[in-house]
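> My questions concern the predicted model and sequence given below.
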Amino acid sequence: MVLAVLVLGSRPSPSRVERAEQAAAPASPSERGPAPTATAPPSTVPPAAPVGPGVHPVGPLGVRPVTYVATGDLCTWERRGADGRVLATDTVSGQALVAVRDTDAAFSSTTGCRTWRPFEPSGPAAPLPSFGSGTFAVGAQITPGRWRSDGSDLCYWERLSGFGGELDELADSAGVAGPTEVVLAPTDVGFSSFGCGTWRPLD
């Protein structure tokens, strides 16, 4: 019995200092569990606001660089650079679409444009059965394929690869008299026309 007590009493036990050190020691990676995943803070960027006539700076406190849509009569708009130079301009009757770029310094439009709103088509495309003068988005508003106008004395149309109003976005164009047909490609971004009457699909 004495021998058993001596043997048990001879077992080393951790001291108070050793126990404190063990408690303070960092856990091994396997003991810590998975590291918490960082979550991105919610976006604080407000949506683009409507834009009225006049000259507006482009940036966080002005016109946001997105695509805008307006409907008016003889609507003239301009994209301007930092030096005041006009980068692109157009005059449209009917629907107008323009892509304001983050490199633009200012955007201006006349009262004929009324109010510009962000162009944000959502959900499945609901193609128009017909359309008239103006600029329209291929895919979101009008389908690719063959279209025919009922004509007028002077019809001018453009197939577009973008809405910036620059010459390198002009895929094809023509000025014709009377009824005409145009084939819109699936790669076209937009289509613009003036004085062509009403366009209807043939396919």
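Cool, the structure landed. Numbers count the residues shown, from 1 in each chain.
> going forward, measure contacts between C-alpha atoms and count neighbours the same way
Fine.
> List the contacts of the most centrally placed residue in the chain.
By C-alpha atoms, centre = their mean, the chain has its centre lying nearest to residue 66, at 5.5 Å. Going by C-alpha atoms under 8 Å, 6 or more residues apart in numbering, residue 66 touches 48, 99-101, 118-119.
> thinking residue 121 is in contact with residue 140, fair?
Yes - the pair residue 121 and residue 140 passes the contact test of C-alpha atoms under 8 Å, sitting 6.5 Å apart.
> So between these two, which is more surrounded?
Ranked by neighbour count (other C-alpha atoms under 10 Å), residue 121 and residue 140 place residue 140 first, with 18 against 11.
> what's the distance between that one and residue 153?
29 Å (C-alpha to C-alpha, to the nearest Å).
> again, but for residue 86
Counting by C-alpha to C-alpha, the separation of residue 86 from residue 153 is 31 Å.
> So between those two, which is more surrounded?
Applying other C-alpha under 10 Å to residue 86 and residue 153 shows that residue 86 carries more neighbours, namely 14 against 11.
> Is that one bridged to anything, and to what?
residue 80 (DSSP bridges).
> okay, the nearest residue to residue 126 once chain neighbours are set aside: pLDDT?
Distance criterion C-alpha to C-alpha, 6 or more residues apart in numbering; nearest residue to residue 126, sequence neighbours excluded, is residue 141 at 6.4 Å. For residue 141, the pLDDT comes out at 94.
> cool, residue 127 as well?
On pLDDT, residue 127 comes in at 86.
> wait, doesn't it sit right on residue 141?
Yes - using C-alpha under 8 Å, residue 127 makes contact with residue 141 at a distance of 4.7 Å.
> ok, the two, which is more surrounded?
The neighbour count for residue 127 versus residue 141, taken as other C-alpha under 10 Å, is higher for residue 141 (17 against 14).
> Might you report the residue contacts of the residue nearest to residue 178 when sequence neighbours are not counted?
What sits nearest to residue 178 in space, not counting adjacent residues and going by C-alpha to C-alpha, 6+ apart, is residue 151, at 4.4 Å. Taking C-alpha under 8 Å, 6+ apart, we find residue 151 in contact with 177-180, 195-198.
> Would you mind listing which of these are buried?
179-180, 195-198 (16 or more other C-alpha atoms under 10 Å).
> Looking at those residues, which is nearest residue 157?
Using C-alpha to C-alpha, residue 196 comes nearest to residue 157 of these, at 7.8 Å.
> tell me the contacts of the closest residue to that closest one other than its chain neighbours?
Spatial nearest neighbour of residue 196, excluding adjacent residues (C-alpha to C-alpha, 6+ apart): residue 155 at 4.3 Å. Taking C-alpha under 8 Å, 6+ apart, we find residue 155 in contact with 175-178, 193-197.
> try residue 154
175-178, 195-196.
> Could you rerun that using 10 Å?
The neighbours of residue 154, taking C-alpha atoms under 10 Å, 6 or more residues apart in numbering as the test, are 175-179, 194-197.
> Kindly indicate which of those residues lies nearest residue 133.
Residue 133 has its nearest neighbour among those in residue 194, at 4.9 Å by C-alpha to C-alpha.
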